[in-house]
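1. next one to model:
(2 chains)
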Amino acid sequence: MFAGLAANVMFGLLRTSVLIAAVAAAPVAGYDVPAVVAYVWLGQGLMAFVQLWGDTRLTERIRTGDVVVDLHRPWHLQTALFAEDLGRAGFSAFLRFAPPLVIGSLIYPFRWPEAAVWPLFLLSSALALVVSFGLRFLLNATTFWLLDSRGVITLYVVAVSVLCGLAVPLDFFPEWFQDLLWATPFPALIQAPIDVYLDRRPQWTVLGYQAFWAVAVYAAGHVVLGRAVRKVAVQGG
Amino acid sequence: MGDRVYPKLVGARLRGQMTYRVSFALECLGQGFAQASELVVILALFGQVDSLGGFSRSEVILMYAIASTAFGIADLVAGQLNELPDYIRTGKFDVLLLRPLGTLPQIVVSDVRLRRVGRVAIGVVVMVHALGHNDIAWSPWTALLAVVAPLAGAVIFSAVWVVACAVCFWLVEAQELANTVTYGSNAFTSNPITVYQGWLRRFMAFVVPGAFVAYYPALALLDRPDPLGGPAFLGWVSPLVALAAAGVAGLVWRFAVRHYRGTGS
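-> Got it, this is the predicted structure:
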């Protein structure tokens, strides 16, 4: 746990240095030094909170055949997994989100928002979690068809940090690429909560965008699960 | 006798991995993309600014390319060390001690993951591009440096990997701690060290000798003085630093193994 936090902080320090070197002379795309510092450390905290790097719990259950038991329990599998994920995220809000934020704000000049922004930021983070869960659920569900989802999950993990705005603010990209990315659910994971925090674009627009993808991705998971259940063949067990 | 065992083991691993070709190709691609994400960051930054830490785009790309190639090779060779905590926790490490072979080479050949070639490939491709797009005064010496720098860098990275992972002998769950210097060095060395400040630069550039992987060799290739005031010969000493780092790593590993006590399980 603390080793993970150490890695998180180290990468935060490295990323902050590079971005400060870029914006020190003049603000870039509206980011000055305090804004870019807040951007990096919010990202370092959020990536653990939304579990950006994917998870394979459902994949394992499908592979071992345990999913058959899950499907016969008196619950909706997707909702049950979401409840579990909520608990995990709540825990990591204290141990993985807050500490990097505190450390970053102690070391560097840090942009704090107005008090009124905090509830919106919390709402945005919650929506980011729903979208993240929805995407991870869909990725895992591919196991029903592919039997081995490792390739798909690897490609997702590799692509997501650039696509969601963790590696570099999406506003630094060429305009056409930004437009392309905002048409996907990825910016909802990291860039959207940070934009709400930094008040970079109309907050209700960003929240609306996130809410749309939260519903869309969750619903897609619901449909996919329904189809998978009809075709599921018990393996092993 | 060990000399003939290792090629056989490595050969068997490689053949095994080539069996599932689509999966192999996908994973190769994934590793390549992972390494390229640092490049995407550099390109995005230079879409907005003209210099980073006092260096132009093609100069930073050259540093990224040397670092990437070096890290790719090191990852191929030493990446398996990430499994060390597992070896210790499950008692598999005790088995290694019983065999009449070195413990370190045994772990290294235990799982050579060829898919990591993706990282090396990205590094080499970008390197060829960067060498062509920078103003380099070509001579036998600079040509030799262009080839040796990534190799010396790979040795430095591997040494760092060994030392960092040796910590796992004392703290079994220290893998992520080790990642802060192994994968952290990868991120650190892809940029000019002038963008970092204070203890972070001193630690990552000179304690972990990350500055000698790409920064100083790139300065020598570009025939630029060090903005930080270092003497010019620093660009040429990477192989010596690599030898020293490998020596230190060997000593640390021996010390760690000698003080190793099984987990008792």
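2. residues in the stretch 101-250 of chain B within reach of chain A, list them.
-> B:171, B:173-177, B:179-180, B:183-184, B:187-188, B:191, B:194-197, B:200, B:204 (CB under 8 Å from any CB of the partner chain). Bear in mind the C-beta positions are built from the backbone N, C-alpha and C, glycine included.
3. so where is chain B shaky, pLDDT-wise?
-> B:1-3, B:263-265 (pLDDT under 70).
4. residue boundaries of the strands in it?
-> Assigned strands in chain B: none (criterion: DSSP state E).
5. which residue ranges form the helices in it?
-> Per DSSP state H, chain B carries helices over the ranges B:2-18, B:21-46, B:57-78, B:84-90, B:92-98, B:103-110, B:117-133, B:140-166, B:175-189, B:198-202, B:215-222, B:238-258.
6. redo those helices as CSV? Include mean neighbour count and distance to A:R150.
-> CSV is the format used below for those (neighbours: other CB atoms under 10 Å in any protein chain shown; distance: least, CB to CB, whole Å):
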stretch, mean neighbour count, distance to A:R150
helix B:2-18, 12, 14
helix B:21-46, 19, 8
helix B:57-78, 25, 18
helix B:84-90, 18, 18
helix B:92-98, 14, 23
helix B:103-110, 19, 20
helix B:117-133, 19, 15
helix B:140-166, 22, 24
helix B:175-189, 23, 20
helix B:198-202, 14, 35
helix B:215-222, 25, 36
helix B:238-258, 17, 31
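7. so which of these gets nearest A:L170?
-> With CB to CB as the measure, helix B:21-46 is the member of the helices of chain B nearest A:L170 (9.0 Å).
8. close to chain A, is that closest one?
-> Yes - Helix B:21-46 reaches chain A (CB under 8 Å from any CB) through B:S23, B:L26, B:E27, B:L29, B:G30, B:F33, B:A34, B:S37, B:V40, B:V41, B:A44, B:L45.
9. picking that back up, could the helices of chain B be laid out in a markdown table, adding distance to A:Y39?
-> Shown next, in a markdown table, are these (distance: least, CB to CB, whole Å):
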| stretch | distance to A:Y39 |
| --- | --- |
| helix B:2-18 | 39 |
| helix B:21-46 | 13 |
| helix B:57-78 | 21 |
| helix B:84-90 | 33 |
| helix B:92-98 | 42 |
| helix B:103-110 | 39 |
| helix B:117-133 | 26 |
| helix B:140-166 | 29 |
| helix B:175-189 | 17 |
| helix B:198-202 | 19 |
| helix B:215-222 | 26 |
| helix B:238-258 | 34 |
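10. out of the ones you listed, nearest to A:P113?
-> Of all these, helix B:21-46 comes closest under CB to CB, at 24.9 Å.
11. what is that closest one packed up against?
-> helix A:2-23, helix A:150-163, helix B:57-78, helix B:117-133 (3 or more CB pairs under 8 Å, 6 or more residues apart in numbering or on different chains; DSSP states H and E).
12. so that helix versus helix B:2-18, what angle?
-> Helix B:21-46 and helix B:2-18 are oriented at 90 degrees to each other (axes from the mean of the first three to the mean of the last three CA atoms, to 10 degrees).
13. as a whole number, average confidence for the lengthiest helix in chain A?
-> For chain A, the longest helix by residue count, based on DSSP H, is helix A:203-231. Confidence for helix A:203-231, expressed as mean pLDDT, is 93.
14. and chain B, is the one helix or strand A:S105 maps to touching that?
-> A:S105 is part of helix A:98-107 when elements are defined by DSSP states H and E. No - using CB under 8 Å from any CB, helix A:98-107 stays clear of chain B, coming no nearer than 9.9 Å.
15. quick one: closest of the helices and strands packed on helix B:21-46 to B:L9.
-> It's helix B:57-78; of these, that one is closest to B:L9 (CB to CB) at 13.9 Å.
16. which other helices and strands does that closest one contact?
-> Packed next to helix B:57-78, using 3+ CB pairs under 8 Å, 6+ apart, are helix B:21-46, helix B:117-133, helix B:140-166, helix B:175-189, helix B:215-222.
17. what packs against the longest one?
-> So that's helix B:140-166. Using 3+ CB pairs under 8 Å, 6+ apart, helix B:140-166 is in contact with helix B:57-78, helix B:117-133, helix B:175-189, helix B:215-222, helix B:238-258.
18. now the longest one against helix B:21-46, angle please.
-> Computed with the same axes, to 10 degrees, the direction of helix B:57-78 lies at 150 degrees from that of helix B:21-46.
19. then the third one?
-> Between helix B:175-189 and helix B:21-46, the angle comes out at 50 degrees (the same axes, to 10 degrees).
20. what's the answer for the last one, then?
-> Helix B:238-258 and helix B:21-46 are oriented at 120 degrees to each other (the same axes, to 10 degrees).
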